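S.K.: need a structure here:
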Amino acid sequence: MIRIGTRASVLATTQSRWVGEQIAERLGREFELVEITTDGDRSQAAGTSLAGATSTGVFVNALRDALVDGRIDVAVHSLKDLPTYPHEGIVLAAIPPREDPRDVVVARDGLTLGELPVGSRVGTGSPRRAAQLHALGLGLEVEGIRGNVDTRIGKVRNGEYDAVVLARAGLARIGRLDEATEVLDPLQMLPAPGQGALAVECLAEGDLGEVLSGALDDRYTRAAVEAERAVLATLEGGCSAPIGALAEVVEGEEEQELWVRAVALSPDGVLTVRMSASGDPADAVGVGTRLANEMLADGAAGLTGTADKRQNA
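M.R.: This is a model prediction of the structure:
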């Protein structure tokens with residue numbers, strides 16, 4: 001029996017159950033879900049904001065603690081929540097095939113962003129989304145919002161907000177994609193690094209990591225996500241910084257190529273540094289790192305606070 005640790009939300013348990021079903025199908029192993037309450041869940045329940053650099057990994061730590069103390073064998077996370085630095089004794093065993101990583105709009109009356117009147121209230125808990133919404137110059141009032149998918153969509157239904165922006169992958173996984181009124185093109189809004197992908201972690205010791213990797217890992221998704229996370233790590237922005245990145249492996253004339261797009265923005269969306277790069281999928285981390293360094297040289301350091309961090313290091 002493989003014990004899979006998960007947060008208690010509908011989305012988290014749905015994701016973890018899907019991983020368990022893949023384990024059962026491909027490895028012939030039974031599984032059970034073990035619900036773990038995280039500091040992030042407690043903060044949300046208390047109405048405390050999770051924005052800011054200190055929230056990096058807030059939904060991850062309790063699951064990792066449960067791995068280390070032996071309460072679970074496997075932890076499943078939304079990969080965008082995973083800190084970019086490694087955790088001693090824990091391995092990222094598998095990154096399964098990714099869901100569509102784009103963001104979506106859920107708006108009143110079936111409207112798109114461009115159809116919302118000037119001054120409409122749009123809710124998001126993400127500084128990345130907020131900055132890119134401001135950058136679109138649509139005259140929208142972008143306001144913070146907390147809570148799960150039901151809570152956020154409910155605030156549109158009761159008229160508190162005119163629209164909210166959410167991850168398409170989350171709605172798809174819980175069977176509510178039909179509530180989206182617009183899927184945002186990455187040219188309008190680049191997703192968070194790792195968005196739409198799942199992270200399957202286990203202890204580094206033993207052979208479970210190798211077994212899970214062989215059964216669940218998707219090499220194209222891993223290459224894309226590694227490049228995106230290298231951008232994030234190099235920009236030193238953390239998961240809540242106004243940084244978006246999206247990578248994909250495409251078929252070239254003679255071989256496969258990795259394409260990466262990234263953006264760093266001031267919180268108000270007025271200043272942006274947007275670049276792209278390509279390279280060998282086998283060198284995904286290198287491609288992402290080089291792109292981020294080019295962005296830093298072009299002014300991204302001032303947008304993300306990297307310059308201040310380096311001066312104070």
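S.K.: use CA for all of it now, contacts and neighbours both
M.R.: Will do.
S.K.: Grab the nearest non-local neighbour of T13.
M.R.: T6 (6.1 Å; Cα to Cα, 6 or more residues apart in numbering).
S.K.: With V249 instead?
M.R.: L258 is the one closest to V249 (Cα to Cα, 6+ apart), at 4.5 Å.
S.K.: Help me confirm that the one you found is found in a helix?
M.R.: No. Looking at L258 with DSSP: H, G, I helix; E, B strand; the rest coil, it is strand, so not inside a helix.
S.K.: Who does it form a beta bridge with?
M.R.: V249, G279 (DSSP bridges).
S.K.: Who are the contact partners of it?
M.R.: By Cα atoms under 8 Å, 6 or more residues apart in numbering, the contact list for L258 reads 223-224, 247-250, 278-281, 284.
S.K.: before we move on, what about V164?
M.R.: 105-107, 122-124, 152-153, 156.
S.K.: could you point out which element follows the helix or strand hosting I4?
M.R.: If you go by DSSP states H and E, I4 is part of strand 2-6. Per DSSP H and E, the first helix or strand lying C-terminal to strand 2-6 is helix 10-27.
S.K.: Go through the helix or strand that comes right after that next one and flag the buried ones.
M.R.: Beyond helix 10-27 on the C-terminal side, the first helix or strand identified by DSSP H and E is strand 31-35. Neighbour-count burial for strand 31-35, counted by 16 or more other Cα atoms under 10 Å, picks out 31, 33-35.
S.K.: And the average pLDDT for strand 31-35 is what?
M.R.: Taken as a whole, strand 31-35 carries a mean pLDDT of 97.
S.K.: That one pairs with which strands, parallel or anti?
M.R.: strand 2-6 (parallel).
S.K.: which residues sit against the strand it pairs with?
M.R.: Under Cα under 8 Å, 6+ apart, the answer for strand 2-6 is 12-13, 16, 20, 29-36, 63, 66, 71-77.
S.K.: now stretch 279-296
M.R.: Counting by Cα under 8 Å, 6+ apart, 220, 223-224, 226-232, 234-235, 249, 256-260, 273-278, 301 sit against stretch 279-296.
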